[in-house]
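In: Below is the sequence, then the predicted model.
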Amino acid sequence: MIPGPKPVPIDVTDAQRRALHAIVNKHSEPQILVTRARIIILAGCGVSTRQIARDLHVSEDCVCHWKQRWRDFAKTGLGETQVRQWLSDVPRPGAPPTITTEQWCQIMAIACTNPKESGRPITHWTVRELRDEALKRGIVDTISLRHLARFFKRSRPQAPPDTLLAHAA
């Protein structure tokens, strides 16, 4: 077998090694965190990227990513025992929420009222009518029908609204 390139060393202090082993040995840890900790432990022992990938059944790119991430955090010198934070996922990109919890509560309050009280000639709220009423009241500047529909689909009760038992005659 032809030897591959020498692995770029990963510096792991004794305190970090203890923290990594604590993650690996704790049965309630998410397995993704345990795998990442094992990558760093093995890399700290000088095991090659290819061998780590084989042993842990992950890609070599995955091993390289976490080794580089470890090096980047180690350069900052921020907290020697913040191992858990170093191995955790970074927040996902995306737009911040544009509708506050208070606004959602106000929209929900509208949905709980009779539409006739708001001057609507309907008996039940539709997503379109709710959106129009929230815009009319100035609760939100804009909201898509789809976003509003997803919110109500998520927040509806899981139990049926009416009893399933037969009424006594």
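Out: That came in fine, so what should we check first?

In: what's the strand or helix carrying C105 in contact with?
Out: For C105, the element it lies in under DSSP states H and E is helix 101-111. Here helix 101-111 makes contact (Cβ atoms under 8 Å, 6 or more residues apart in numbering) with S118, W125, L130, E133, A134, R137, I139, V140, L148, F151, F152, S155. Just so you know, the C-beta spots here come from the backbone N, C-alpha and C atoms, and that holds for glycine as well.

In: among these, which ones are buried?
Out: For the contacts of helix 101-111, a neighbour count by 16 or more other Cβ atoms under 10 Å gives the buried set as S118, W125, L130, E133, A134, I139, V140, L148, F151.

In: out of those, who's nearest I23?
Out: Comparing the buried ones among the contacts of helix 101-111 against I23 with Cβ to Cβ places F151 closest, at 36.5 Å.

In: Mind listing what's buried along stretch 103-114?
Out: Under the neighbour-count criterion of 16+ other Cβ under 10 Å, stretch 103-114 has W104, Q106, I107, I110, A111 buried.

In: Now do the buried residues in the longest helix that the chain contains.
Out: The residue-count maximum for a helix in the chain (DSSP state H) belongs to helix 60-76. If you call a residue buried by 16+ other Cβ under 10 Å, then helix 60-76 has these buried ones: C62, V63, C64, W66, K67, R69, W70, F73, A74.
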